[in-house]
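Chemist: got a structure for you, letters missing:
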Ligand SMILES: [Zn+2]
């Protein structure tokens, strides 16, 4: 359980609230996708905000959102470690993901139909099924609209790694999307 | 370029992350390769389908309350003569005496200003993106400047100028309160075709006029200028030329207002 922040500088508290609280929904969204559990996500976001407040004196940019996300990601990694059953996001590609086919033969027939649209819940489910660390990269890019550079900073990996993870993530999502399309036909 | 390389780089192309030279290389490969061309189309379609779907979660009021209560109480907002961001940044730097000595020479101030501008531009783009999510674009919806302008009164230290540019091809659609650089800021929202333009306006202590500069961040164009104690940032996915047109029309109309 997180302890109450003890630093009682009201001016700092005011600045922190104005700078960080507008990103609460975004932070919660990231935590939900990373942890795939509503209660764990709430705990992680609360812990993130308290840690962020503690380190706010040393905050000098870049943008507030990636700064918060970097803290949140570390909180989530700690949660992964606690769960143990779920592997922490690793800098190495998991073997299964490496061996999985890319499924990237495009459907090249000219009369190919437009991609089927799914409702939000279905797409969220498809994203949630992506393996770490591809899901993380994917969510930071597609849902949080971070640049590659910002994703690299948040995930503490080189930009090249961001690019290859994103390519892999989109290939996996595409194959899941097409499979879902086939299933509900 | 091999297909293997293109299959990775086409994502950076879609995301607008490639420099001009690499973008041309990838585009050239795609033009000559049906496989990579079809893949690019499919990824763009998936991206488009996702953009049309609400994939955000919303923090519960209970979570918001828990965090609010865990943080120390904030004091009421002080009067706005000081610029909080610069002070906040400087406070971080004022720790070591060596740093203070350098700050006295003005060197740090120059470095910081650039940092600051970049950081604020990044925040302005984030605010623009947030506004594009469903239901976030406007707090007051009106194509009438005489409705939008007074709406800001009392909500901000200085109300942003609201100008009707319909005749110039930019439709006013409303206004919004936003947060940038840890301050409340006014956003006046325009549209050209399907493209939203957010014009963010903030008060500045610096009354010097600064000519417009255009920058690109995360695939959005930002045109920024300063005039009569106000900083302006126009952000849009419009091309740089059309955004420049918007800025010029806006400044012309401002001058006409002042003289008329
Ligand atoms: Zn190819």
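Modeler: Cool, got the structure. All figures in this text were calculated on a predicted structure; none of them were measured in a lab.

Chemist: going forward, measure contacts between C-alpha atoms and count neighbours the same way
Modeler: Will do.

Chemist: separation between the closest residue to the ion within chain B and residue A:174?
Modeler: Proximity of chain B to the ion (CA to the ion) peaks at residue B:3, 3.6 Å away. Counting by CA to CA, to the nearest Å, the gap from residue B:3 to residue A:174 is 18 Å.

Chemist: ok, residue B:173 next?
Modeler: To residue A:174, residue B:173 is 36 Å away according to CA to CA.

Chemist: neighbours of residue B:32, how many?
Modeler: 10 (other CA atoms under 10 Å in any protein chain shown).

Chemist: phi, psi for it please.
Modeler: When read as degrees, to the nearest 10, the backbone of residue B:32 gives phi -100, psi 10.

Chemist: same deal with residue B:180?
Modeler: Dihedral angles of residue B:180 (phi, psi; degrees, to the nearest 10) stand at phi -140, psi 140.

Chemist: just checking, it touches residue B:121?
Modeler: No. Residue B:180 is beyond contact range of residue B:121, at 9.1 Å (criterion: CA atoms under 8 Å).

Chemist: between those two, who's got more neighbours?
Modeler: residue B:180 (26 against 23).

Chemist: and that one, what does it touch?
Modeler: Contacts for residue B:180 were tallied using CA atoms under 8 Å, 6 or more residues apart in numbering or on different chains; they are A:19, B:120, B:123, B:124, B:127.

Chemist: not counting residues beside it along the chain, what's closest to the second one?
Modeler: Going back to what we said before, that points to residue B:120. Nearest residue to residue B:120, sequence neighbours excluded (CA to CA, 6 or more residues apart in numbering or on different chains): residue B:181, at 5.9 Å.

Chemist: next, count neighbours for the one you found.
Modeler: Here the number of neighbours of residue B:181 (other CA under 10 Å) works out to 23.

Chemist: can you check residue A:69 too?
Modeler: Neighbourhood size, residue A:69 [other CA under 10 Å]: 26.

Chemist: for it, give me its contacts.
Modeler: Neighbour list for residue A:69: A:27, A:30, A:154 [criterion: CA under 8 Å, 6+ apart].

Chemist: just the residues you listed now: which is nearest the ion?
Modeler: The closest of the contacts of residue A:69, once distances to the ion are taken by CA to the ion, is residue A:154, at 31.1 Å.

Chemist: and the closest one, which of the three is it?
Modeler: Look at residue A:154: counting by DSSP: H, G, I helix; E, B strand; the rest coil, its state is helix.

Chemist: apart from its chain neighbours, what residue comes closest to it?
Modeler: Nearest residue to residue A:154, sequence neighbours excluded (CA to CA, 6+ apart): residue A:70, at 4.4 Å.

Chemist: tell me which strands and helices the host helix or strand of residue A:180 is in contact with?
Modeler: Following DSSP states H and E, one finds residue A:180 within helix A:159-183. Helices and strands touching helix A:159-183, by 3 or more CA pairs under 8 Å, 6 or more residues apart in numbering or on different chains; DSSP states H and E, are helix A:120-128, helix A:134-142, helix A:148-155, helix B:3-14, helix B:34-51.

Chemist: buried residues, it. List them.
Modeler: Along helix A:159-183, these residues count as buried under the neighbour rule (16 or more other CA atoms under 10 Å in any protein chain shown): A:159, A:161-177, A:180.

Chemist: contacts for that helix?
Modeler: A:102-104, A:116, A:126-127, A:130, A:133-135, A:137-138, A:148-149, A:151-152, B:7-9, B:11-12, B:43, B:46.
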